[in-house]
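# Attaching a predicted model along with its sequence, questions to come.
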Protein chains: 2
Amino acid sequence: MLFGSSEGNCTSIEDCFIINSSRPLNAMAPVGAGLWRTLRAHQVYGANTDVGKTIVSTVLCNAIQRQKQRAAFLKPVSTGPLGDADDRHMKKYGAGTLTKCLYQFDEPVSPHIAAKQKTKTVPRDDALLAAIHKTLSQWARTELDFALVETAGGVHSPGPNGNSQADLYRPLRLPIVLVADSRLGGISSSISAYESLLVRGYDVQSVLLFRDDYYQNHDYLGGFFRKKSIPLVSLPAPPVKPSQSDADSLARDEEAMFSYYRQASQEDSVAQLLEEMKIKNVERIDRLAEMSSRAQDLIWYPFTQHHGMRPKDITVIDSAHDDFFQTYGTSPVDAAASELRPTFDGSASWWTQGLGHGNPDLSLSAAYAAGRYGHVMFAGAVHEPALTLADTLLKTLDNPRFAKVFYTDNGSTGMEVALKMGLRVACDRYGWDASKEQISILGLKGSYHGDTIGVMDCSDPSVYNQKVEWYRGRGHWFDFPLVKMVDGRWKVEVPAGLRQALGSDSEFESLGTIFDLDSRANSETSQLYKEYIRQTIQDLVKKQGMKFGALILEPVILGAGGMLFCDPLFQRCLTDVVRDHPDLFTSDAVAQTSDGSWSGLPVIFDEVFTGLYRLGRPTSASFLGVDPDIAVNAKLLTGGLIPLCTTVASQEIFETFLSPEKSDALLHGHSYTAHPVGCTVAVESIKTMNAMNENGTFDQYKTKWNKGAGAFPGKTGPEVWSVWSPDLLHDLSCAESVEGVFAIGTVLSVSLKDTQGGGYTSNAAKGLQQQLSAGSHKFNVHSRVLGNVLYLMSSVTSKTESLQELERLLRTALV
Amino acid sequence: MLFGSSEGNCTSIEDCFIINSSRPLNAMAPVGAGLWRTLRAHQVYGANTDVGKTIVSTVLCNAIQRQKQRAAFLKPVSTGPLGDADDRHMKKYGAGTLTKCLYQFDEPVSPHIAAKQKTKTVPRDDALLAAIHKTLSQWARTELDFALVETAGGVHSPGPNGNSQADLYRPLRLPIVLVADSRLGGISSSISAYESLLVRGYDVQSVLLFRDDYYQNHDYLGGFFRKKSIPLVSLPAPPVKPSQSDADSLARDEEAMFSYYRQASQEDSVAQLLEEMKIKNVERIDRLAEMSSRAQDLIWYPFTQHHGMRPKDITVIDSAHDDFFQTYGTSPVDAAASELRPTFDGSASWWTQGLGHGNPDLSLSAAYAAGRYGHVMFAGAVHEPALTLADTLLKTLDNPRFAKVFYTDNGSTGMEVALKMGLRVACDRYGWDASKEQISILGLKGSYHGDTIGVMDCSDPSVYNQKVEWYRGRGHWFDFPLVKMVDGRWKVEVPAGLRQALGSDSEFESLGTIFDLDSRANSETSQLYKEYIRQTIQDLVKKQGMKFGALILEPVILGAGGMLFCDPLFQRCLTDVVRDHPDLFTSDAVAQTSDGSWSGLPVIFDEVFTGLYRLGRPTSASFLGVDPDIAVNAKLLTGGLIPLCTTVASQEIFETFLSPEKSDALLHGHSYTAHPVGCTVAVESIKTMNAMNENGTFDQYKTKWNKGAGAFPGKTGPEVWSVWSPDLLHDLSCAESVEGVFAIGTVLSVSLKDTQGGGYTSNAAKGLQQQLSAGSHKFNVHSRVLGNVLYLMSSVTSKTESLQELERLLRTALV
């Protein structure tokens, strides 16, 4: 037996054993995609049940063996009477093909029914996957050239645990041999099966079916698949099964089958197909091997200094599933290891990922919208996805001020819109002529709102913008107290220059207490904050003659600026001062009153990164207890699939743009505004995340955090929690090389001590990044650093076992 | 007979007739989607052949009739022996259901095979669709309450002309009754069939299947569809067909069937389902009816003055297919008309549309990429779609200067990147410190490059930007000669103020001769253009001290500025002067030589609108014979599905950003940079359009244009052509209300005389827009106006008959 040892519940047949499902959950490593240079492994799917998968497999294996190569056949789950088992058939007729079955059910029904009927242990899906991967890996160490992994029934026939096989086996993403249906109706079922595989990101590499001169499906399907550049081979129909089961009949059938296989496996088209499959396997690996240098040739990367960059600095991503990229060239040196390795997507693909890579629900949502609409004109028109998204979003944001949704394509464009809104309403109320005087914004140091020049001007001068020729920072940016855990204690650290104004650092017993703004609002700190803010603005306006058009904040965490966790009380005080003191911004009487939703300056929250569950809540505004006048959401809006952005505003802000003059309107709009594909996926994503929040999916984390270090004292309301464990945080914060850490929602941030002074150009975190990149035998980790900060970000669906392994890797590296 | 008259090739059975396919191609109107308030029409699809579609239909019709409502059954195409025909079955057992078959084949094979075997005429797909729509419309005029349109075989079983039924019937987009498969393997085939329908934008409204206690598919599928909020009803299994065909057996079978239908049609779940279907039909129409006012409540529209806007100004788009929206509330008042009307997408959905709405190939491409990757990190990584797109694009653009592809999300962001590139290289070469001095751009009056503030600053002051608080136009914009056809003649019109410098208007015998730049380059006009340009720049630099960082042009047509067709010779002269006279821009010696790809100023072409076949060629740069240093493509890049943008640059420009300093890099990048879904769709789109160009799809237009008014004299090379006919152009240009017209590629522009002086705020074109919006009995037209200009834009796949009807509408309105 090639793999492991047969365990307790194994059925009696040789080479067939059950996977032990009693291993603890967290022992299971994620299964990587399968791709070997020496072993050409394919998965055989059928367009339907009973289309002849095993016969086709046997033909292929016969042909391989005939070519003096070695074939192997793996049946992960087999149903039906033992004598009929597909692996038995292969053993008998496979001309020496190595055969193996991992799990056998006696009933000729779908595995999920068989599993229900069985009393014995059913293998877990991940255990099944791991066993297949392990078997193939072991086969790759041998002389074997070719392996077929045969599924049961059709592509969506349920596996033992009731999940569709197409979903269940997806992490392996083996190239597919599709056995099409040659019967009446087989054209339809074959194409639909093909499409279901496509929707899950499989590569269908070849199609085989039996010739039937009456229905001629091979003719139609041959044309169909030719257009997709997928070869189709039709085989002679196999001998008809004997209607009687006497010994003579069986012997005749046996001889007929042997003869069939002899003949069919000699067909030129079969040999040609096998040659193509061989070439494709080589070409696929060769392509992966050259991709990084081709990319180096052709691609100008975002936010990347290409100087000194080498192809090996470019990660080659073959595909992705759940939290993992399947990367090429990252595997440990081992001739038999799969060429692809699971790499945890530790930046959540630049903060976008929410519901996992290759999520079939999102994939189908996208396809549905594409099929129903494509893209349709939005100016002057409406379609269901845009309307439903607006409605769903407004309910989710739950801000009584919000009334109108404006769509754009990404966070940067959405912030440009927010900026245009904010400046207009302020100029309108205060009677400023912006063409004659500079209107600025108020913000925080290190804030970042995107890469288009308008919103770049909303950030203070920094390495990001200082060399952009048209950048002209237009604002004032407050320095602010930072939240971090240091040496096991939660601290609010006041920048050295502000200690006189804001007091000294303070400690908190939990992250929750820092967010207990109702209590903190009456503290002395709060008074100091407010007075400092008020005085600063007054000086800027009165002494320097500045005019301000909006307050722009990233609530709680300033992302691109370096994962800066701002004391939420400071942000609350900023909005309070700006709203409570309209007189600060003008000497005109008009400012003294506000009859609408906003007062002082319009408050714009950039929740592009922090919103929609990134920090564990639908909005990051809720942490501050502030209802902004304008908010921008993007990244997680589509669950991590495609670009889309919303800028949401109050009715009062909207009304400022009403006028008989067309030119007073908000003349902004991208061609793909409110594209139905994006809106449909966003509706699906938000509903999914809201449902997870409501159905207790996050309770395991909330429970951990609501005792001890994360506790929010005396609150039963919205919690502060993270997918990262409080224990990890504590231990990292005590590590020698660590300057401070924090975690909230899906975000973990580790600031490393840097004798060079930190900042975006620091290299302090590179060492840790490299250690994560090396990873363990289970997987390695893609991460991004911002200067001396290394952050990790999960999706909202990340599996506990993956997070635990990540925590283990962090501890190994730092503690 | 309810519909038409039986014609020549009709089969013998009653109520079954063939559609006459001898009607000329252009007589066929597009078929709209079917939705009636009084008649609940559904299409019945089967998960496979032989799953009991007709039995399920008969149960439903029995139940309807039992409720004292009236049911009808339409079998568009029936195959199999006459006695077995599904409509026969319904006639017999349908309890008075009105039944009709449109086309009957005797063989029990897929219709496409039957059609091949028949000698008689096969109905064209559009004729079949039209007949179904007409039949249902007529039924809607009667007392009928409920109609089922039954397909043949499975969802992808080919129709009579070999196209998948799921594609063939898509324009009707009737709500679907899916009959699932209760047999072994039926879970898989049912789910795959459902997914194939979903990918084409169908709404599956209910699922029915037979109960099978052994396989229990109804149990599994019930759970599956419940998660999708789709009701599933399981029916008792029908009587087993008699194995013998003697009179007694047949009589017993008949009785058993009657008894089955009596029983099954009384099941509570059936009654409940019918009630749900009824409610859904009402709710769908009610929802459509309220959508415009809901949109008015919730949506802040792009580029829209909401003042005075009423819900009825908002077009409600139910869905879209090929060139047509299906719009609600636009149908002529007629109680029996479908609530949805085909509306030609005459703005190509804001210039994006290329390959038709609801294109299943693009839909599947999107789904495949979503399934294989979701979105994956791009900075520091590479995936196949981004790499293949870069490669494909570089080959398609065919510009020897181009080396590197930078990805962003839309034209505006892509132009911001182009601007950053251009400014940097100019400052680098000329040694300017942009933080201390203003670097401007050179462009054309009326140019427009997007709505983010950086690229807004690249446009001259106009109604679009003058009220944007942070707008500061930074450049010089040349006025330029316009191309248009007036009174049947092609003219280049010189603006009044430039006549002294550039000479007077000139006439050309064809559009082609205007583009014959090789000949025109040596003309006196060319010398005048160049001298004027050179002198102007010299004055700006020497006298006004301006510094220029880039020349930015939309080649040929300035889109948003008002569909301004610039004399291509003027644009060519601009690039020539800018490149041939580096000394114009600086007094430094450094400028005198250029050792790389660019000289003088980097030339940036904004091909966001004009590129990728919008004007009939892969690039609009090719019309000028200029290889820009930087080009931006978007809109058509994804064939009109989702936002994506590329900024392509030369190696020399790329290298300017190389430095050991990270901060010298192009620090620009959106989270969804190079999202795999967009890249995959773009690869598919560009390849499709390139193939159309190469396989002669456009030859019909090229032929028309290469004689007479469009001719490109003495050229066999790249042509100038349009999907709009030269005759139309001629006639419109002679119309009294028309100031001028032009057409190129898919674009038609009609400038109307406007006593108020034209411009963006003009209302001159509104009248024409309203006439198009009223449309004809075939369809109506969505169009956009830019001031006194009404333009129409087709996709590259628009059907001749639709374009002809559009031309007819234009003639009716104007000539």
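Noted; the coordinates are in hand.

# ok, A:Pro400 - how many residues close by?
A:Pro400 is flanked by 8 other residues according to other C-beta atoms under 10 Å in any protein chain shown. All C-beta spots, glycine's among them, are computed from the backbone N, C-alpha and C.

# Now do the same contact list for it.
A:Asp627 (C-beta atoms under 8 Å, 6 or more residues apart in numbering or on different chains).

# Over to it. Which of the three states is it?
Taken by DSSP: H, G, I helix; E, B strand; the rest coil, the conformation at A:Pro400 corresponds to coil.

# just so I have it, where are all the strands in the stretch 201-350 of chain A?
A:204-210, A:232-235, A:315-321, A:324-328, A:340-345 (DSSP state E, counting those that start in this stretch).

# same check, this time on the stretch 551-700 of chain A
A:557-558, A:564-565, A:603-606, A:630-633, A:645-650.

# Excluding residues flanking it in the chain, which one is nearest the residue of the stretch 651-800 of chain A found nearest chain B?
Nearest residue of the stretch 651-800 of chain A to chain B (C-beta to the nearest C-beta) works out as A:Gly669 at 2.4 Å. Nearest non-adjacent residue to A:Gly669, counting by C-beta to C-beta, 6 or more residues apart in numbering or on different chains: B:Pro302, 2.4 Å away.

# which residue ranges form the helices in the stretch 551-700 of chain A?
Assigned helices in the stretch 551-700 of chain A, in chain order: A:568-580, A:621-624, A:651-656, A:676-694, A:699-705 (criterion: DSSP state H, counting those that start in this stretch).

# which parts of the stretch 601-750 of chain A sit against chain B?
A:634-635, A:640-643, A:647, A:649, A:654, A:657-673, A:675, A:677-678 (C-beta under 8 Å from any C-beta of the partner chain).

# Please indicate which of those residues are buried?
A:634-635, A:640-643, A:647, A:649, A:654, A:657, A:664-673, A:675, A:677-678 (16 or more other C-beta atoms under 10 Å in any protein chain shown).

# Give the next helix or strand downstream of the one helix or strand A:Asn62 maps to.
Using DSSP states H and E, A:Asn62 maps to helix A:53-66. Downstream of helix A:53-66, the first helix or strand assigned by DSSP H and E is strand A:71-78.

# Determine the set of other helices and strands touching that following strand.
helix A:53-66, helix A:86-93, strand A:98-104, helix A:125-140, strand A:146-154 (3 or more C-beta pairs under 8 Å, 6 or more residues apart in numbering or on different chains; DSSP states H and E).

# when you compare where the helix holding A:Asn62 runs with where strand A:71-78 runs, what's the angle?
If you take axes from the mean of the first three to the mean of the last three C-alpha atoms, to 10 degrees, helix A:53-66 sits at 160 degrees to strand A:71-78.

# ok, and does the helix or strand harbouring A:Leu387 reach over to chain B?
Assigned by DSSP H and E, A:Leu387 belongs to helix A:384-397. Yes: Helix A:384-397 reaches chain B (C-beta under 8 Å from any C-beta) through A:Glu384, A:Ala386, A:Leu387, A:Ala390, A:Asp391, A:Leu394.

# between those, which is nearest B:Cys566?
Using C-beta to C-beta, A:Ala386 comes nearest to B:Cys566 of the residues of helix A:384-397 next to chain B, at 35.0 Å.

# Nearest residue to the closest one in space, please, no chain neighbours.
A:Ala674 is the one closest to A:Ala386 (C-beta to C-beta, 6+ apart), at 4.1 Å.

# got a list of what that neighbour touches?
A:Phe378, A:His383, A:Pro385, A:Ala386, A:Leu389, A:Tyr407.

# what number of residues lie near the third one?
Pointing back at A:Pro385 there. 25.

# leaving aside the residues next to it on the chain, what's closest to it?
Closest to A:Pro385 by C-beta to C-beta, 6+ apart is A:Cys679, at 3.5 Å.

# now swap in the last one and tell me
The shortest distance from A:Tyr407 to any non-neighbouring residue, by C-beta to C-beta, 6+ apart, is to A:Ala674 (4.0 Å).

# what sits against the residue of the stretch 651-800 of chain A closest to chain B?
A:Gly669 sits in contact with A:Phe378, A:Ala379, B:Tyr301, B:Pro302, B:Phe303, B:Thr304, B:Trp350, B:Asp451, where contact means C-beta under 8 Å, 6+ apart.

# 10 Å instead?
For A:Gly669, the contacting residues are A:378-379, A:406-408, A:413, A:417, B:301-304, B:350, B:412, B:451, by C-beta atoms under 10 Å, 6 or more residues apart in numbering or on different chains.

# Just give me the closest of these to A:Gln296.
Distance to A:Gln296, by C-beta to C-beta, is smallest for B:Ser412 among the contacts of A:Gly669, at 28.2 Å.

# In three-state terms, label the closest one for me.
From three-state DSSP, the assignment for B:Ser412 is helix.

# Please, which helix or strand holds A:Val44?
strand A:40-46.

# what's the angle from that strand to strand A:204-210?
Using the same axes, to 10 degrees: strand A:40-46 against strand A:204-210 is 50 degrees.

# now strand A:40-46: mean pLDDT?
Mean per-residue pLDDT for strand A:40-46: 98.

# Same question for stretch A:530-544.
Here the average pLDDT along stretch A:530-544 is 97.

# likewise stretch A:210-229?
Stretch A:210-229 comes out at a mean pLDDT of 95.

# What of stretch A:160-168?
Mean predicted lDDT for stretch A:160-168 stands at 95.

# between the helices and strands packed on strand A:71-78, which gets nearest to chain B?
That would be strand A:146-154 among the helices and strands packed on strand A:71-78, by C-beta to the nearest C-beta, at 2.7 Å.

# Make JSON lines from the contacts of A:Ala674 and add distance to A:Thr536 to it.
Converted to JSON lines, the contacts of A:Ala674 look like this (distance: C-beta to C-beta, whole Å):
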{"residue": "A:Phe378", "distance to A:Thr536": "42"}
{"residue": "A:His383", "distance to A:Thr536": "47"}
{"residue": "A:Pro385", "distance to A:Thr536": "45"}
{"residue": "A:Ala386", "distance to A:Thr536": "41"}
{"residue": "A:Leu389", "distance to A:Thr536": "39"}
{"residue": "A:Tyr407", "distance to A:Thr536": "36"}
